[in-house]
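Trainee: Turn this into a structure:
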Amino acid sequence: MWLLQTTDSRYADDVIKHAFAGHFVDMEQLDVQLRAAVAAPDPDYFSQLLDVQIFPLVKGDLTRGSWAVSFTYDPLCVKAMRSLGGYFHKHASAWQVRADPELIMERLASIAGVSSEFVFVHEQPVLIEELTTSGNEGSPISMPAASPPLGGGGGPGEEEGTGFLSTEHGHVDDMPYDRVALASLVACGVLRDYQAEGVAHMLRQSGACMGDDMGLGKSRQTVVASRMAAGSGRVLIVCPASLRLNWEREIKMVYPDARVGMIGEDRISTLAGCDWVIGNYERMGGLVRETELEFAVMAVDEAHYLKEYKSGRTRNVFLLAARIERCFVVTGTPLLNREIEMHTLLRITGHRVGSLTLAEFRKSYAGSPEKRAALAAAIQGWMIRRSKDVLKDLGDKARQFVPLSPEGLDVYKEIYGDMTLQAMPKIVRLRKCLEGLKVPYLVETVQAMGEDDKLIIFCEYMSTVEALKQALASLGVGCVSLVGSDSLKRRQAAVDAFQGDASIKVFIGTTMAAGVGITLTAANIVAFASMPWTPALMRQAEDRAYRLGQIRDVLVLVPIIQGTIDEGVLQLQENKHTTEIEVVEAAKKALPVQQRAAVETVPDEAREEVLALEYA
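Mentor: Down below sits the predicted model:
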């Protein structure tokens, strides 16, 4: 979007013509639109998009003010906050001010032109908590590269806060539930025995974490627990946009007559008549304002997405959790990098450990085997986590690393030696180059498959997906693909075709789009064109095939081009995996014998030490 500070349509016309030089633009129509806009300006066109919200504050350093104001960046809104002596917290993207809402709105209107009708004042109190950082938690990946550009930060001499917005609410244990109804769901085949235990775990408390391993039916357990906890009340399911249809299907499989509404597709009046409401993270900002739409239970899927306190999605879930009596978080990877990331989930569900400040949590539960053991004991009743050992009919999974000879690396070496590239762009280009070089191996793997074999190929880059599709199409091999830009309808069609059509032999997808939330048990082979950065993401992706419903053994193929960054990423993965094992063993030794069962709730993803990878 271009903003032109002018009332002269001819000047604006000249600027835009210059900006679009070399591109096809209907300049005649553009000129008409520009003249119409200048002739009839709409002063509220931008202000209504600024998402201005005012929050009452509790706790924290209230000497700087008892109200917080957040908005999409706008220099005039910033000017209004500075006129009130506001103090900016960069992680909260909010200003702390010593003024009541009436004065705040008056300044926004007079200075920024933001009408009060576009300002939402929350009744739910929030707190501003300082975001502490640890010392050096590891060295970054290092390779020859240009220095990063200078920039960032506030104005010269301008102080900024490091607070983030959060909420607090209580946690209740030993809650009653209908044991007979739960047993009947096992008897009629809706739940397996171990799933009934998971549902009971969730129902016994007002907030809990369903952390079962990938493929054990977390969604089914959460649907049943949410409905039993809500009674006749309304249930809110929060999930990534790509998983909304999965959740609707799961709900309908257990409760065929359920009235399910979708945020963004249905009007609020329609949602008010539904007993289930499903919305993706990006839609929660609007739901926060709909205070009259009440919920008895909120279930947050892929809750590890909420590890960043400063993100808008985390803040919105905090605000919703504070006004919903019961909250369940669902994730197969409760920690992606380090134990501190669990703090968010504990706070959302109201656990007493989550009520600690980040500084207190880090001091008590992070950084040593003894502290991790203390964390395991503290959350013993909060998180349930079972491995695939509970599936007696599940086959085996084997991972095989396939060394490939370093041929055709001229482009790779050219990128590696380019000193004008900064480190991260260089790493991206190197990995993209290596993915392209693995296409022939992946095609050969498809050609070598047996008649009953099916293969999933995970890629990091769209160019590799397209290259594989073209190569397989030329061979007459049936395949489907799934990437982030695909619609929900197309996504589900790809999954259904792979699962149900014997002629579709290969499923190609990007790890971020296809590595989560879908079932691909028709496959017995999984291949990675590039390894994800963490063991958790890799397991999550390969377990699209290795999950409930899989009766065959699953082979995971990981091609590695020798002498390249592939080997560095593999070493990084192995070190992270070793750390996970050490954490669990250390926690077991640190606990008394009678408490060692609690260690089973230690998250798979332990604190990762980011290792330096030198490529000389």
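
Trainee: P256 and D393, how far apart?
Mentor: Look at P256 and D393: by Cβ to Cβ, to the nearest Å, they are 27 Å apart. (Each C-beta comes from the backbone N, C-alpha and C, glycine too.)

Trainee: pLDDT weak spots in this protein?
Mentor: Filtered on pLDDT under 70, the chain yields the residue ranges 1-30, 34, 41-49, 60-61, 131-159, 334-338, 576-616.

Trainee: Okay, domains of it per the record?
Mentor: Split into domains by the TED database, the chain comes to 47-127, 179-384, 397-585.

Trainee: and among the ones you listed, the most buried is which?
Mentor: Ranked by mean neighbour count, the domains of the chain are led by domain 179-384 with a mean of 20 (mean count of other Cβ atoms under 10 Å).

Trainee: Check the offset of that domain from the chain's centre.
Mentor: From the chain centre to the centre of domain 179-384 is a distance of 14 Å (Cα atoms, centre = their mean, to the nearest Å).

Trainee: Quick check: end-to-end length of that domain?
Mentor: 18 Å (Cα to Cα, to the nearest Å).

Trainee: And for stretch 56-70?
Mentor: OK, stretch 56-70 end separation, Cα to Cα: 12 Å.

Trainee: For the residue nearest to M531 when sequence neighbours are not counted, which residues are in contact?
Mentor: In this structure, M531 finds its nearest non-sequential neighbour in V569, 5.2 Å apart by Cβ to Cβ, 6 or more residues apart in numbering. Contact analysis of V569 by Cβ atoms under 8 Å, 6 or more residues apart in numbering lists R431, S530, M531, W533.

Trainee: Tell me the one among those residues nearest to K59.
Mentor: Of all those, the one with the least separation from K59 (Cβ to Cβ) is W533, at 35.9 Å.

Trainee: Could you tell me whether the closest one really is in a strand?
Mentor: No - assigned with DSSP: H, G, I helix; E, B strand; the rest coil, W533 falls outside any strand and is coil.

Trainee: The stretch 151-300 of the chain: helices as residue ranges?
Mentor: For the stretch 151-300 of the chain, the helices defined by DSSP state H, counting those that start in this stretch cover 179-187, 193-203, 218-230, 244-254, 268-271, 284-289.

Trainee: my bad, should have said the stretch 351-500 of the chain
Mentor: Remark: helices assigned in the stretch 351-500 of the chain by DSSP H, counting those that start in this stretch are 358-365, 369-378, 410-416, 423-437, 439-447, 462-474, 488-500.

Trainee: Packing partners of the helix or strand where K79 lies?
Mentor: Assessed by DSSP states H and E, K79 sits inside helix 75-83. For helix 75-83, the packing partners by 3 or more Cβ pairs under 8 Å, 6 or more residues apart in numbering; DSSP states H and E come out as helix 101-112.

Trainee: Give me the residues contacting the helix or strand following the helix it packs on.
Mentor: Remark: after helix 101-112, the chain's next helix or strand is strand 119-121, criterion DSSP H and E. Applying Cβ under 8 Å, 6+ apart, the contact partners of strand 119-121 are V52, Q53, I54, P101, I104, M105, L108, R289.

Trainee: one step back: what about the helix holding K79, distance to the chain center?
Mentor: How far helix 75-83 lies from its chain's middle: 32 Å, per Cα atoms, centre = their mean.

Trainee: Okay, angle between that helix and helix 101-112 too, please.
Mentor: Interaxial angle of helix 75-83 relative to helix 101-112 (axes from the mean of the first three to the mean of the last three Cα atoms, to 10 degrees): 130 degrees.

Trainee: next structured bit after helix 75-83?
Mentor: Helix 75-83 is succeeded, C-terminally, by strand 87-89 (DSSP H and E).

Trainee: so what does that following strand touch, helix or strand wise?
Mentor: For strand 87-89, the elements it packs on are strand 94-97, judged by 3+ Cβ pairs under 8 Å, 6+ apart.

Trainee: Mind putting the helices of the stretch 151-300 of the chain into TSV with distance to I379?
Mentor: Output for these, formatted as TSV (distance: least, Cβ to Cβ, whole Å):
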stretch	distance to I379
helix 179-187	23
helix 193-203	12
helix 218-230	17
helix 244-254	26
helix 268-271	33
helix 284-289	25
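
Trainee: Quick check, G198 in contact with S219.
Mentor: No - judged on Cβ atoms under 8 Å, G198 makes no contact with S219 at a distance of 11.3 Å.

Trainee: that older thread, for H169, which of the domains of the chain is the nearest?
Mentor: The nearest among these, by Cβ to Cβ, is domain 179-384 at 4.9 Å.

Trainee: so what's the backbone phi/psi at I128?
Mentor: Dihedral pair for I128: phi -100, psi 120, per degrees, to the nearest 10.

Trainee: shouldn't T162 be in contact with H91?
Mentor: Yes - at 5.8 Å, T162 counts as touching H91 under the criterion of Cβ under 8 Å.

Trainee: between the helices of the stretch 351-500 of the chain, which gets nearest to W247?
Mentor: Closest among the helices of the stretch 351-500 of the chain, using Cβ to Cβ: helix 488-500, at 11.2 Å.

Trainee: could you check the angle helix 244-254 makes with that closest one?
Mentor: Using the same axes, to 10 degrees, helix 488-500 lies at 60 degrees relative to helix 244-254.

Trainee: can you give me the offset of helix 488-500 from its chain's centre?
Mentor: Counting by Cα atoms, centre = their mean, helix 488-500 is centred 22 Å from the centre of its parent chain.

Trainee: C-alpha coordinates for it, PDB please?
Mentor: Provided in PDB are the C-alpha atoms of helix 488-500 (Å, rounded to 0.1, in the frame of the first residue of the first chain):
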ATOM      1  CA  LEU A 488      -8.900 -26.000   2.800                       C
ATOM      2  CA  LYS A 489     -11.000 -27.700   0.100                       C
ATOM      3  CA  ARG A 490      -8.000 -28.500  -2.100                       C
ATOM      4  CA  ARG A 491      -6.000 -29.600   1.000                       C
ATOM      5  CA  GLN A 492      -8.700 -32.100   2.000                       C
ATOM      6  CA  ALA A 493      -9.100 -33.300  -1.600                       C
ATOM      7  CA  ALA A 494      -5.400 -34.100  -1.700                       C
ATOM      8  CA  VAL A 495      -5.500 -36.000   1.600                       C
ATOM      9  CA  ASP A 496      -8.600 -38.000   0.600                       C
ATOM     10  CA  ALA A 497      -7.100 -38.900  -2.800                       C
ATOM     11  CA  PHE A 498      -3.900 -40.200  -1.300                       C
ATOM     12  CA  GLN A 499      -5.700 -42.100   1.400                       C
ATOM     13  CA  GLY A 500      -8.400 -43.600  -0.800                       C
END
